[in-house]
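1. I need the structure of the sequence given here:
(chains A and B)
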Amino acid sequence: MSLTRITSVEELQRHLHAAMQLEHATIPPYLTALYSIHPGTNGEAYRIIRAVVVEEMLHLTLAANILNAVGGKPDLTTPDFVPEYPAYLPDGETDFQVDLQRFSKAAIETFLKIERPAPAEAAGKPRVVKRRKPAKGALRASRVADNSEEHFYSIGEFYADIGNGLTALQEKLGAKALFAGDRAKQVGPEYYYSGGGEIIPVTDLASAHAAIRLISEQGEGIGGGIFDYENEISHYYRFEQLTLGRFYQKGDTPGQPTGGVVDVDWNAVYPVKTNPRLADYNKDSELRATAADFNAYYKRFLEMLTRCYDGQPQLLIEAVGEMFRIKEMACQLMRNPIAGAGGEHAAPTFEIASVAVEV
Amino acid sequence: MSHTHSRHSQIDHASAAATMYDVVVVGSGVAGSIIANELSRKGYSVLVLEAGPGNGMTIRGYETDLSRFYGAASKDNNAAYAENLNAPMPRSYETRKLPPGQPNTSGYLVQNGPLEIDSTYARVVGGTTRHFEAKALRMLPEDFDMRTRYGQGLDWPIDYRKLEPYYRKAELEMGVSADVEDQGYLGISFEPDYVYPMRKIPVSYLDQLIARGLNGATVTLEGERYPLVVRSTPQARNGIPNPGYNRGKGYVPTGAVDPHQAEMGQRCQGNNNCVPICPVQAKYDARRTLAKAIDTGRVDLLTQTVASRVLVDPVSRRVTGIEYKAYQDFTSSEHTTGTVRGNVFVLACNAVENARLMLASDLPGSSGLVGRNLMDHAYLLTWALMPEVAGTMRGTPCTSGIEDLRGGGFRRKQAAFRASIHNDGWGWATDSPYTELFRLVDDQNKFGRALQRGLVDRISRQLLLDFMVEVPPDSGNRITVDPRYRDQLGNLKPVLSYALNDYVLDGVAFARRLSRRIYQRLGAEDHSAYDPLQYGWVSHEGQGYVIRGGNHWAGTHVMGTEAKSSVVDFRQRSWDHANLYLTGAGSMPTIGTSNTTLTLAALSFLSAEHIAQELKSQA
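-> This next block holds a predicted model:
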């Protein structure tokens, strides 16, 4: 098919940078909802969101592997890597923005949009639109040229384009020229796992497609199906279980899960402020200091991941350990009300770009 | 991996009673689950009876157990599991110092002494693997012929070489993390190119300090010199998968058990409470194997169903059925009774319960050995304060040990042992860190920074070495039943008689002397003390020691080469009843210095293979 827009290695690398940015951009919203749940309550919801976050970390690593394989350099420390929330997703989905917000029906509705499957009628439609100026809040990585941006309806479509681009470029350049990256930078399965999938080292077109397939199917299922080829339920339908109040099981049709009851208590949640900013916390307050510490710590975490994707894969084990500290700091913030905010609680602000100035 | 079968919809008792199963397995622990899984995979129908509750098969049920543990004032081995009067479990806190000649009848396990023992087991789905620590050491080749080689204990009817392939299966099933390079000592051999499914669990900072301190140390015993080496300990918990496993095919760890896509059960995080429950399901327990078995669609599970009698045909001596008592409520004695039938029967409770059930069924065996030769490891705890902060309390409980005195010519004279370096401080011996906190707050009025510093100083320097001393079989150490002692359902309780002989106590005394030398060499302050008023206190050659149990019950239906001197053959088949298998550590003629689970798991694979052959030849 000639629909592909990716015609050079440079474009491919930019898309893969955007892919990493995209995978990461979902993590702060998911973590905010996850940690806002009162400890010991909403067990099913907690596990569902947690499982998705863990898989987003896997997807981030898979995207880094593909980028490394084609000679790119993953960098999670660029100033725009972490978006300002509310944010549009870096694949250019323009019909909704993503907030940092507490566990709530609204949060789950957003998560469903993030993970939504592409509708059948969208297949094959052109996705690049010319715009005079970028949509507000959209990330630079979604722009393919000065005057045009790509806008995908779903993350799956975005990855499908990357997959098509890889295939086309291999035909054009040959496998050796395309997959010219340093193999020592590939992160292997020994560095990560959960129940759902494992890290695939990417060294050729087949492994690159396998990685893309894993990412897409974990998000949206196969062709919008509930379960993927490993019998694992996709993120979209995982989240839907929370709004529908039941688990999906094999043989169910979308929208009609017939498994056990999923109990959700929307009130057992810290009332954290939506899209908080450091400026919302009084200067010289402990909250302000802790939130700033969080951002500095998170920045160091991203630096560590960058080194991990640059030839030190063993750091991924340490990085997982660092996430405990992230959780602890996030929960500390969320347990505390913001002075004069009418009972709203604090939360991490994820203002990473401003860290150098703040600290 | 997702399990989409609905595991909570268990079969009802009436349908189970109306079914003729290929195999009836009593007990859903590691032995029963492996046998059920192996046989169901070969197409046979299996019924598993579990005396305790089955709530642990879902994440939600598992987390109920977890919060029970968090909320429990006493964190004993069974603190995670609900008090259940219909399938009671021994609790370590029920152990009492015995007045001479008077049994302790207060707990489920009736103790005659003379030595009190605080060992326990769990009666819940998954059995005692639910609270085991998951050390997974192979036995030494010499452990299999102790009688021939050293004139002690009993010989096994099989040797290490015969069991080796089954060790590999057990290491795969349980997901063992270890490096072969560290494990090939004292004759332990591996297939060429073998690697464990996962790499060793990273050793703790404390381990590294001890290793540095002991570097070059040797011990001379009975004229032979033994270097002391700190080695990483194999353990059945998720670590770093080894890409070289299975000739480069790699290994994918098994996660949490749940019918709903929970995707938990990741790498060990060092939460340090493997005993009694891992908060993230990184530790293997038999529910994982049982879940796979149930997913075949050929395994039915009846929980809260206590096997109460093994029924035997008086002429053929074959087992015809198992009588059970099923209950709904943990406190009410209300129950229903029934009988389940099958072609082959497998008792896979544990060494105590297997013997108890046989004896309660008036089946002491033609050799009279059912319940005898009871073994457990005798633990001597020693503890000291390191001269510097050593990072104590970073889990898992043990990541390294000293294995060099597990084998050697000295075993003619005294018991062998291995030692574990504890990352979890003095807790096992002294109830630290709580005791430390009380001392600092109540006795020394410390608060704020001073309290914080005091805790770091007193806890982060703690070193506990446990010495796990082998106990050879002795027919006087035994489980019996006594009609005076029954549980709420009327089932006979196990009655224990236990003592340690001089062979063991010589090993204990040597371990104590060695610990003093080790602490001297490390510059550590020895704080070990043994109170004569404590249970488990023994006196030997003028010195007193406190012995703790290891929960490694074994020997009550030993395997051998003939009916008159053993209860089962090497396939764990009863000599007396051709379609009955007594499985688990109860079949082991010696336990050496290995935690028993890995070896009994290996034996379960061997038995499953044999049972499948038997069923095939009958068909």
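2. Which strand runs longest in chain B?
-> strand B:335-347 (DSSP state E).
3. in that one, what's buried?
-> Buried residues in strand B:335-347, counted by 16 or more other C-beta atoms under 10 Å in any protein chain shown: B:335, B:338, B:340-347. C-beta here means a position set from N, CA and C on the backbone, and glycine is covered the same way.
4. go on, stretch B:378-390?
-> Under the neighbour-count rule (16+ other C-beta under 10 Å), stretch B:378-390 has B:378-386, B:390 buried.
5. Looking at those, which one is closest to chain A?
-> B:Ala390 (19.1 Å; C-beta to the nearest C-beta).
6. Would you enumerate the residues in contact with the closest one?
-> By C-beta atoms under 8 Å, 6 or more residues apart in numbering or on different chains, B:Ala390 lies in contact with B:205-206, B:209, B:460-463.
7. what's the nearest residue to it if we skip its chain neighbours?
-> B:Leu206 (4.6 Å; C-beta to C-beta, 6 or more residues apart in numbering or on different chains).
8. and if you look at B:Ala217?
-> B:Leu228 (4.5 Å).
9. just checking, the one you found touches B:Val219?
-> Yes. Counting by C-beta atoms under 8 Å, B:Val219 is a contact partner of B:Leu228 at 6.3 Å.
10. Need the residues touching each of these two.
-> Common neighbours of B:Leu228 and B:Val219 (criterion: C-beta under 8 Å, 6+ apart): B:Asp404.
11. coming back round to it: quick one: which of the contacts of B:Ala390 sit in strands?
-> Per DSSP E, the contacts of B:Ala390 map to strands at B:462-463.
12. Can I have the buried ones of the contacts of B:Ala390 as a PyMOL selection?
-> This is the PyMOL syntax for the buried subset of those, where burial follows 16+ other C-beta under 10 Å:
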select buried, chain B and resi 206+209+460+461+462+463
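13. can you redo the contacts of B:Ala390 as a markdown table with distance to A:Val98 and pLDDT?
-> As requested, the contacts of B:Ala390 are exported to a markdown table (distance: C-beta to C-beta, whole Å; pLDDT from 0 to 100):
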| residue | distance to A:Val98 | pLDDT |
| --- | --- | --- |
| B:Tyr205 | 41 | 96 |
| B:Leu206 | 44 | 97 |
| B:Leu209 | 48 | 97 |
| B:Ser460 | 43 | 96 |
| B:Arg461 | 48 | 97 |
| B:Gln462 | 47 | 98 |
| B:Leu463 | 50 | 98 |
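14. count of neighbours near B:Gln452?
-> A total of 12 residues lie near B:Gln452 under the criterion other C-beta atoms under 10 Å in any protein chain shown.
15. same question, A:Ala292
-> Neighbour count for A:Ala292, taken as other C-beta under 10 Å: 18.
16. which SSE is it in?
-> Element membership for A:Ala292 (DSSP states H and E) is helix A:286-308.
17. helix or strand right after that helix?
-> Helix A:286-308 is succeeded, C-terminally, by helix A:315-334 (DSSP H and E).
18. can you list contacts of stretch B:70-85?
-> B:52-53, B:65-66, B:68-69, B:89, B:91-93, B:120, B:122-124, B:130-131, B:273, B:275-277, B:330-331, B:333, B:487-488, B:551.
19. Go again with 7 Å.
-> B:52-53, B:65-66, B:68-69, B:89, B:91-93, B:120, B:122, B:124, B:131, B:275-277, B:330-331, B:488, B:551 (C-beta atoms under 7 Å, 6 or more residues apart in numbering or on different chains).
20. Let me know the closest of the buried residues of strand B:335-347 to B:Leu302.
-> Using C-beta to C-beta, the shortest approach to B:Leu302 within the buried residues of strand B:335-347 belongs to B:Val340, at 7.8 Å.
21. I'd like the distance from the closest one to B:Arg318, if you could.
-> Distance of B:Val340 to B:Arg318, computed by C-beta to C-beta, to the nearest Å: 15 Å.
22. And for A:Ala106?
-> The value you get for A:Ala106 to B:Arg318, if C-beta to C-beta is used, is 66 Å.
23. Among the buried residues of stretch B:378-390, which pair sits farthest apart?
-> Checking these with C-beta to C-beta, the most distant pair is B:Ala378 and B:Ala390, at 26.8 Å.
24. Select the helix or strand of chain A having the lowest average pLDDT value.
-> Here the helix or strand of chain A ranked lowest by mean pLDDT, DSSP states H and E is strand A:128-130, holding a mean of 45.
25. Go ahead and report the secondary structure state at the closest residue to B:Ala348 other than its chain neighbours.
-> Leaving aside its chain neighbours, B:Ala348 sits nearest to B:Gly32 (3.4 Å; criterion: C-beta to C-beta, 6+ apart). Classification of B:Gly32 by DSSP: H, G, I helix; E, B strand; the rest coil places it in helix.
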